[in-house]
Structure formats: C-alpha cells, structure tokens
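1. give me a model of this one.
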Amino acid sequence: MPKIVDAAVRRQEVVEAVFRIIAADGLERASLREVADEAGLAVGSVRHYFASSDELLAHSFGVVVDRITGRLDAAREDLMQLAPGTAGHSEGVLTLLGQFLPLDEERAVDACVWMAFKNAARIRPFLAAEADRSHRAVAAVVGWLIMELRAPGELDDDGHQFLVTEAERLLATLDGLTMHALLQPEWMTAEMCRDVLSSHMQSLVESPAAH
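-> Okay, here's the model as predicted:
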C-alpha cells in the first residue's frame, strides 16, 4: 500500500529546503530544480505543490514572515504581563527585540532568509506584497513598544513626529545589527547585540519626548 503523504508536511519540507539554500548560497540559487535536489524530491513532485518558482518563493517569504511575527507576538504578550520600570520588564523588552536578530541558529537562518527576500522584493514584484506585510507588522510592534516605554501624556502635540522618528531609529538599529551579525558574527555576537540594544533602549527611555 503506497504511503500517504501529508501535503502540508511536504510543502513545509520544500520551504525548509528553500531556506537552507538561501542561507548557504543566496536567493539566486533557489530554483525549482535546486530546491527539489535539496529536498530529495523530483522536480515534478515540487511542481505538484508549487506551480512555479515565483509561487514557491512568495510562499516561502510568507512563511518566514509568519515565523518572525509569531515570535514577536508571543514575546509581546509576555511583555504585557510585566510591570514597566522593573528589571523584568527591561529584560522583556530585550527579549522582544531579540526576536528580530540572529541570536541563535534558528533566528540566524530566518534573519538571513528574511533579509534576502526583502532585498529581492525591490526588483521582483511578486514578492512586494509580503515585503509590505512584513514591514507593516514589524513597524507596528516597534511603534507599540515605543509608546509602551513613554510615560502617559508625554506624546503630546508633537508626539506623532517623535514616535515616527524613534520608530525609524529603532528599525534602523535592528536592521543594522542584523546585517552586521550575519556578515561579521565573530565580532557582532549575541552578547554584543544585546548590549547595543540595551544602550539604545536606555537612550529612548531617558530622552525627552518632543514638546
């Protein structure tokens, strides 16, 4: 009796093959044939689940976005249970922001894949929707965090500009740390990433809000 293959499981196996290829050799190598070889499948088997390379890549981009935003949402829920101003809350903030960064093997692969897809979306229109979704999801968490760290009433008439400026500053810091850690892991270690984030968040808490 032939073995029944779970379609969701097989699709995920194919996506994991895409991630391994991107992490090792870059997005350009992630063709249907290369992905099939990496997954130990025939090209026809991969086409059974994904009609084209574009469909496979768009789906894979969505998967890594869901992974990262899922971790962010979980860390955000945990942070909301902690009292602001406490050591536990400060640690929770770093834990939340650490979900963006390549602080362990799983997050390193996800960060590498995510950055590769975001960069490719500039010239591959079929990736644009997921790139926009990922940016909005991350920006929403960052914006929420900045408001969480400010005392009530601080964000007054000019508070919107303060929020936008600080959100962009934090996003730039996260992107820079991610790229630096991926390219120079011997120098930008997990400990160094946390130190930089801690310093950045302290400057945000101590800086005066726009008035």
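2. low-confidence stretches in the protein?
-> Within the chain, the ranges that satisfy pLDDT under 70 run 1-5, 151-159, 207-211.
3. what strand or helix carries the nearest residue to residue 130 once chain neighbours are set aside?
-> Spatial nearest neighbour of residue 130, chain neighbours left out: residue 61 (4.2 Å); criterion: CB to CB, 6 or more residues apart in numbering. Quick note: C-beta positions are derived from backbone N, CA and C, even for glycine. Here residue 61 sits within helix 53-80, counting by DSSP states H and E.
4. go through that helix and flag the buried ones.
-> Residues of helix 53-80 classed as buried: 53, 56-65, 67-69, 71-72, 75-76, 79 (neighbour count, 16 or more other CB atoms under 10 Å).
5. all strands for this protein, in order.
-> If DSSP state E is used as the criterion, the chain turns out to lack strands entirely.
6. outline the domain layout of it.
-> Domains of the chain are assigned by automatic domain parsing as 1-51, 58-206.
7. next up, phi/psi of the residue lying closest to residue 148 once chain neighbours are set aside, please.
-> For residue 148, ignoring the flanking residues on the chain, the nearest one in space by CB to CB, 6+ apart is residue 84 at 7.1 Å. When read as degrees, to the nearest 10, the backbone of residue 84 gives phi -60, psi 150.
8. right, and residue 84 touches residue 150 too?
-> No - no contact is recorded between residue 84 and residue 150 when judged using CB atoms under 8 Å, the distance being 9.9 Å.
9. and those two? which has more neighbours close in?
-> Neighbours of residue 84 and residue 150, each counted by other CB atoms under 10 Å, are more numerous for residue 150; the result is 18 against 14.
10. quick one: that one from residue 163, how far?
-> Distance, residue 150 to residue 163, using CB to CB, to the nearest Å: 9 Å.
11. okay, now residue 197: neighbour count?
-> Residue 197: 21 surrounding residues under other CB under 10 Å.
12. ok, it - contacts?
-> The contact partners of residue 197, by CB atoms under 8 Å, 6 or more residues apart in numbering, come to 94, 97, 98, 101, 173, 177.
13. swap in 7 Å and give it another go.
-> 94, 97 (CB atoms under 7 Å, 6 or more residues apart in numbering).
14. how near is it to residue 12?
-> Taken as CB to CB, the span from residue 197 to residue 12 is 31 Å.
15. which strands and helices lie in contact with the helix holding residue 61?
-> Contacts of helix 53-80 with other secondary structure elements, assessed using 3 or more CB pairs under 7 Å, 6 or more residues apart in numbering; DSSP states H and E, are made with helix 7-25, helix 32-39, helix 87-98, helix 105-120, helix 128-149.
16. give the buried residues for stretch 182-197.
-> Judged by neighbour count (16+ other CB under 10 Å), stretch 182-197 contains these buried residues: 182, 188, 190, 193, 194, 196, 197.
17. my read: the second one touches residue 179, true?
-> No - with contacts counted by CB atoms under 7 Å, residue 188 stays clear of residue 179, the gap being 9.1 Å.
18. find residues that contact each of the two.
-> Taking CB under 7 Å, 6+ apart as the contact criterion, no residue touches both residue 188 and residue 179.
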